[in-house]
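*Asks:* Fold the following for me, if possible:
(2 chains)
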Amino acid sequence: DAGITQSPRYKITETGRQVTLMCHQTWSHSYMFWYRQDLGHGLRLIYYSAAADITDKGEVPDGYVVSRSKTENFPLTLESATRSQTSVYFCASSEGHSQPQHFGDGTRLSIL
Amino acid sequence: DQQVKQNSPSLSVQEGRISILNCDYTNSMFDYFLWYKKYPAEGPTFLISISSIKDKNEDGRFTVFLNKSAKHLSLHIVPSQPGDSAVYFCAASALRTGANNLFFGTGTRLTVIP
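*Replies:* Presented below is the predicted three-dimensional model:
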């Protein structure tokens, strides 16, 4: 099925561990985004990418690393997880600069 | 500092009536506005958008109104249906700056009562 998929859907890990959240889209969209959703904040942008090998920071990038070696994939890595990174993470993509973003179903990450 | 605000956390409406969801923004550079709908355990789904060169955009039962002087937009759903029950997020972007990052409000939970 075409679309945007995130994996895993649920993840529990411990503080200090490294964890990678995966995002894959089949539309060949240029732009990809990572957001986190927390109570009282809505969705906040972590990192985004305008094309393969081009990434840039969003509103809350600290503690996160991204890469985009292929257009269709945009993994998000927490190098040393902290409890404050417990959240629901959403990946999104858009075809162009002024096009709507389309979201995956999210990864619920709990850090104990 | 929240640049996009949805001050009503929840709204209940009778089926068949109009639902009006409101959104305010503070950044005068925002020129592209969107509404997303979100069901539990799913990602936000794009609903409708409006550019700052317009003051109204309509798509079926959904209409978005933009008042630039008041930095306010609203989403009207007419008639409301039980399947519209979801959390609605307002989002804004400053495309003119070259960025297409979205800034989201905190959401309004709409309940349509049959």
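*Asks:* ok but residue B:24 is inside a strand, no?
*Replies:* Yes - read with DSSP: H, G, I helix; E, B strand; the rest coil, residue B:24 is one of the residues of a strand.
*Asks:* In contact with it, which residues?
*Replies:* Applying CB atoms under 8 Å, 6 or more residues apart in numbering or on different chains to residue B:24 gives the contacts B:4, B:5, B:6, B:7, B:70, B:71, B:72. In short, each C-beta sits where N, CA and C put it, glycine included.
*Asks:* Which one of those is nearest to residue A:49?
*Replies:* Distance from residue A:49 was checked for each of the contacts of residue B:24 by CB to CB. The minimum falls on residue B:4, at 22.5 Å.
*Asks:* ok, back up a step: most neighbours among the contacts of residue B:24, which one is it?
*Replies:* Counting by other CB atoms under 10 Å in any protein chain shown, residue B:4 has the largest number of neighbours within these, with 23 neighbours.
*Asks:* quick one: that one and residue B:23 touch, right?
*Replies:* Yes - the pair formed by residue B:4 and residue B:23 meets the contact definition of CB atoms under 8 Å, at 6.5 Å.
*Asks:* any shared contact partners between these two?
*Replies:* Contacts common to residue B:4 and residue B:23, judged by CB under 8 Å, 6+ apart, are B:90, B:105.
*Asks:* which secondary structure elements does the longest strand along chain A contact?
*Replies:* Determined from DSSP state E, the single longest strand within chain A is strand A:42-51. Using 3 or more CB pairs under 8 Å, 6 or more residues apart in numbering or on different chains; DSSP states H and E as the contact test, the elements touching strand A:42-51 are strand A:31-38, strand A:54-57, strand A:64-66, strand B:86-93, strand B:103-104.
*Asks:* JSON lines for the ones you listed, including mean neighbour count, mean pLDDT and distance to residue A:24?
*Replies:* Formatted as JSON lines, those follow (neighbours: other CB atoms under 10 Å in any protein chain shown; pLDDT from 0 to 100; distance: least, CB to CB, whole Å):
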{"stretch": "strand A:31-38", "mean neighbour count": "23", "mean pLDDT": "96", "distance to residue A:24": "10"}
{"stretch": "strand A:54-57", "mean neighbour count": "14", "mean pLDDT": "94", "distance to residue A:24": "16"}
{"stretch": "strand A:64-66", "mean neighbour count": "18", "mean pLDDT": "97", "distance to residue A:24": "14"}
{"stretch": "strand B:86-93", "mean neighbour count": "24", "mean pLDDT": "96", "distance to residue A:24": "23"}
{"stretch": "strand B:103-104", "mean neighbour count": "23", "mean pLDDT": "94", "distance to residue A:24": "23"}
